[in-house]
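Enquirer: sequence-free structure coming up:
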């Protein structure tokens, strides 16, 4: 899930009476009574008070206020959220109390909710509320990070993703900072759309609808835009696959896989391969960017350049993956070339050593990396029959030059 800045709850934006009761200098017993919802007040003011106090430095007050929010009758809470005009309050509710039934749907429908709040919901929720967010083009134009949040949320349907990206391209929204963005666009909308996305000056910006668009109009737009599942692996299976990643965001592999017996592991790999084979190109690109290490290891071998190059742009890829790819002689030359020309990846010594020994590494890069290797690795390359001839020859020459240099210094 992408991270979005929180929206603060400003004391200055509240009615003066509330400010007097909530101010840090107010009597502690009064603030605790507010946290317990023991002081009669309008539901909207009550919600403002409780969300503000739920972030109090005093942990007892903060927890009491949070518990009080969860105990508000749903009918009362719903009415208060529908008409609430404090963005900070709505943001706090979306982040800390999203498990309350129907709450995020009400927040998304509230025009006073901040765009940051909508982006957070887009990246952390599931179900119809994601489609509700996707059709609000005015919000997306104002805050493009909503598109990114929807895409990287594995719960977002591929049909919804397709509509959001199509609208983003049509409106000229610059999303080039998203890893693999052009590949995403091409996989869903085709090469022409990707070229238009690359040439930002060619965009045709259309007038977006108002973000106050009634729910009925949003539903009509939803139907007209065709938020239906595309061909490929069915949505439920694809979502499950994306949610069953065996690694966390830091790329640490789940150790449970190591205790599986050999037969169980083979069966799991075969089942995974069958699922990947059924995916559409758009699903493969999304899985390449967001999927587990096991999924990426299959997709890096896909025959489509669009797919295997997307693996290299995955935010979840790590140095261990790159070293493995750099060593492989079975991968497409484009992959090895891309690794070899990446300043970030070739900072790693093991990556450079692997590339020098790989026949698919461009000769210029291989020779450049060779000069950075330690003598023990250069010597091994000079004696190896598995490396290209020019690598072995240059390795021998480099060793000789280094030995001559030492002799002169002595």
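Expert: Received the coordinates, thanks. This one's a predicted model, so the numbers in the text were calculated from it and none came from an experiment.

Enquirer: ok so residue 196 is a helix residue?
Expert: Yes. Residue state for residue 196 (DSSP: H, G, I helix; E, B strand; the rest coil) corresponds to a helix.

Enquirer: I'd assumed residue 172 was in contact with it.
Expert: No. Residue 196 is beyond contact range of residue 172, at 9.1 Å (criterion: CB atoms under 8 Å). In short, each C-beta sits where N, CA and C put it, glycine included.

Enquirer: Residue 44 versus the closest residue to residue 26 other than its chain neighbours, what's the distance?
Expert: Distance criterion CB to CB, 6 or more residues apart in numbering; nearest residue to residue 26, sequence neighbours excluded, is residue 20 at 6.7 Å. The gap separating residue 20 from residue 44 is 17 Å, by CB to CB, to the nearest Å.

Enquirer: Those two: who's more crowded?
Expert: Set side by side, residue 20 and residue 44 show more neighbours around residue 44, with 17 against 12, by other CB atoms under 10 Å.

Enquirer: Quick one: list the elements packing against the helix or strand hosting the more buried one.
Expert: Assigned by DSSP states H and E, residue 44 falls within helix 43-53. Here helix 43-53 touches helix 16-22, helix 28-35, helix 59-71, helix 74-83, helix 87-96, going by 3 or more CB pairs under 8 Å, 6 or more residues apart in numbering; DSSP states H and E.

Enquirer: Can you say which of those helices is packed in most?
Expert: Stretch with highest mean neighbour count among the helices and strands packed on helix 43-53: helix 87-96 (a mean of 23; mean count of other CB atoms under 10 Å).

Enquirer: and the angle for that one with helix 59-71?
Expert: 80 degrees (axes from the mean of the first three to the mean of the last three CA atoms, to 10 degrees).

Enquirer: Report all helices and strands that helix 87-96 contacts.
Expert: helix 43-53, helix 59-71, helix 103-109, helix 115-124.

Enquirer: Serialize the helices and strands packed on helix 43-53 to a markdown table and add fields for mean pLDDT and distance to residue 346.
Expert: Listed next are the helices and strands packed on helix 43-53 as a markdown table, based on pLDDT from 0 to 100; distance: least, CB to CB, whole Å:
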| stretch | mean pLDDT | distance to residue 346 |
| --- | --- | --- |
| helix 16-22 | 89 | 55 |
| helix 28-35 | 92 | 56 |
| helix 59-71 | 95 | 48 |
| helix 74-83 | 93 | 52 |
| helix 87-96 | 96 | 40 |
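
Enquirer: Now render these as a markdown table, adding distance to residue 407.
Expert: Output for the helices and strands packed on helix 43-53, formatted as a markdown table (distance: least, CB to CB, whole Å):
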| stretch | distance to residue 407 |
| --- | --- |
| helix 16-22 | 80 |
| helix 28-35 | 80 |
| helix 59-71 | 70 |
| helix 74-83 | 81 |
| helix 87-96 | 67 |
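
Enquirer: which one of these lies closest to residue 359?
Expert: helix 87-96 (51.7 Å; CB to CB).

Enquirer: Identify the residues contacting the closest one?
Expert: 6-10, 13, 47-48, 51-52, 54-55, 66, 69, 81, 84, 103-104, 107, 110, 112-114, 116-117, 120-121 (CB atoms under 8 Å, 6 or more residues apart in numbering).

Enquirer: Select only the buried ones of these in ChimeraX?
Expert: In ChimeraX syntax, the buried subset of the contacts of helix 87-96 is picked out as below (16 or more other CB atoms under 10 Å):
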select :6,7,9,47,48,51,52,54,55,66,69,81,84,103,104,107,110,113,114,116,117,120,121
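
Enquirer: Check which helices and strands the strand or helix carrying residue 306 sits against.
Expert: Remark: residue 306 resides in helix 305-312, with elements defined by DSSP H and E. For helix 305-312, the packing partners by 3+ CB pairs under 8 Å, 6+ apart come out as helix 181-189, helix 281-290, helix 293-299, helix 333-340.

Enquirer: Which residues does that helix contact?
Expert: The set of residues external to helix 305-312 that reach it, using CB under 8 Å, 6+ apart, is 180, 183-184, 186-187, 281, 284-285, 288-289, 296, 299-302, 317, 325, 331-332, 334-335, 338-339.

Enquirer: now the angle between helix 333-340 and the next helix or strand after it, please.
Expert: Proceeding N to C from helix 305-312, the next assigned helix or strand is helix 319-327, under DSSP H and E. For helix 319-327 against helix 333-340, the angle by the same axes, to 10 degrees is 130 degrees.

Enquirer: Give me the neighbour count for residue 38.
Expert: Neighbours around residue 38, by other CB under 10 Å: 9.

Enquirer: and the gap between it and residue 11?
Expert: Taken as CB to CB, the span from residue 38 to residue 11 is 21 Å.

Enquirer: got it, and residue 142?
Expert: As for residue 142, its distance to residue 11 is 26 Å (criterion: CB to CB).

Enquirer: now residue 41
Expert: Per CB to CB, residue 41 is found 16 Å from residue 11.

Enquirer: Touching, residue 330 and residue 297? I think so.
Expert: No. Using CB under 8 Å, residue 330 is not in contact with residue 297; the gap is 11.7 Å.

Enquirer: so what's the closest residue to residue 273 other than its chain neighbours up against?
Expert: Once flanking residues are discounted, residue 273 sits nearest to residue 298: 6.2 Å by CB to CB, 6+ apart. Neighbouring residues of residue 298 by CB under 8 Å, 6+ apart: 272-273, 276.

Enquirer: next one: residue 382
Expert: Here residue 382 is in contact with 392, 395-396, 399 (criterion: CB under 8 Å, 6+ apart).

Enquirer: Only the buried subset of the residues you listed, as a PyMOL command please.
Expert: The buried residues among those can be selected in PyMOL (16+ other CB under 10 Å) with this line:
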select buried, resi 392+395
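
Enquirer: Now flag whichever of the contacts of residue 382 is closest to residue 353.
Expert: Using CB to CB, those come closest to residue 353 at residue 395, 11.6 Å.

Enquirer: which secondary structure element contains the closest one?
Expert: helix 389-409.

Enquirer: Give me the pLDDT value at residue 288.
Expert: What the model reports for residue 288 is a pLDDT of 92.

Enquirer: Name the nearest residue to it, ignoring sequence neighbours.
Expert: residue 310 (3.8 Å).

Enquirer: Count the neighbours of the one you found for me.
Expert: Residue 310, neighbours per other CB under 10 Å, totals 29.

Enquirer: Fine by me, we can end here.
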